[in-house]
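Enquirer: Sequence plus predicted model, see below.
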Amino acid sequence: MRFLEPEDPIALSALQYLLERNTKDVKKLLEWLPSAQTKRDRMAILNRANSLMLELEHTINRIAEVE
């Protein structure tokens, strides 16, 4: 339960949107990974998923700052 409003409710809303979107994107990429045909495709999918995971980590840290 939150007793105080977040410092920046607009930023918090945007960060929560990014969290949800990037989570869905990572999930979809990981679903595609087993069906990738070549090592190059697998690595491209994995690299993109890793990049999104770093963004997720940053987003989670920013949400903690804003709340």
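Expert: The structure has been received and is ready for your questions.

Enquirer: Show me which parts of the lengthiest helix in the chain are buried, residue by residue.
Expert: Counting residues, the longest helix found in the chain (DSSP state H) is helix 39-66. Buried residues in helix 39-66, counted by 16 or more other Cβ atoms under 10 Å: 45, 49, 52, 55-56, 59, 62-63, 66. Bear in mind the C-beta positions are built from the backbone N, C-alpha and C, glycine included.

Enquirer: Which residues are in contact with the residue nearest to residue 30 when sequence neighbours are not counted?
Expert: Of all residues beyond its chain neighbours, the one nearest residue 30 is residue 49 (6.2 Å), with distances taken as Cβ to Cβ, 6 or more residues apart in numbering. Applying Cβ atoms under 8 Å, 6 or more residues apart in numbering to residue 49 gives the contacts 26, 29-30, 33.

Enquirer: who wins for most neighbours among those?
Expert: When neighbours are counted by other Cβ atoms under 10 Å, residue 29 leads those with 20 neighbours.

Enquirer: give me the element that one is part of.
Expert: Here residue 29, judged by DSSP states H and E, is contained in helix 9-32.

Enquirer: just how off-centre is that helix within its chain?
Expert: 4 Å (Cα atoms, centre = their mean, to the nearest Å).

Enquirer: Mind listing what's buried along that helix?
Expert: Across helix 9-32, burial judged by 16+ other Cβ under 10 Å covers 12, 15, 18-19, 22, 26, 29.

Enquirer: and the two most separated of these?
Expert: Across the buried residues of helix 9-32, the longest distance by Cβ to Cβ is 25.9 Å; it joins 12 and 29.

Enquirer: Can you pull out the low-pLDDT segments for the protein?
Expert: For the chain, residues meeting the criterion pLDDT under 70 lie at 1-6.

Enquirer: What residues does residue 52 make contact with?
Expert: Applying Cβ under 8 Å, 6+ apart to residue 52 gives the contacts 22, 25-26, 29.
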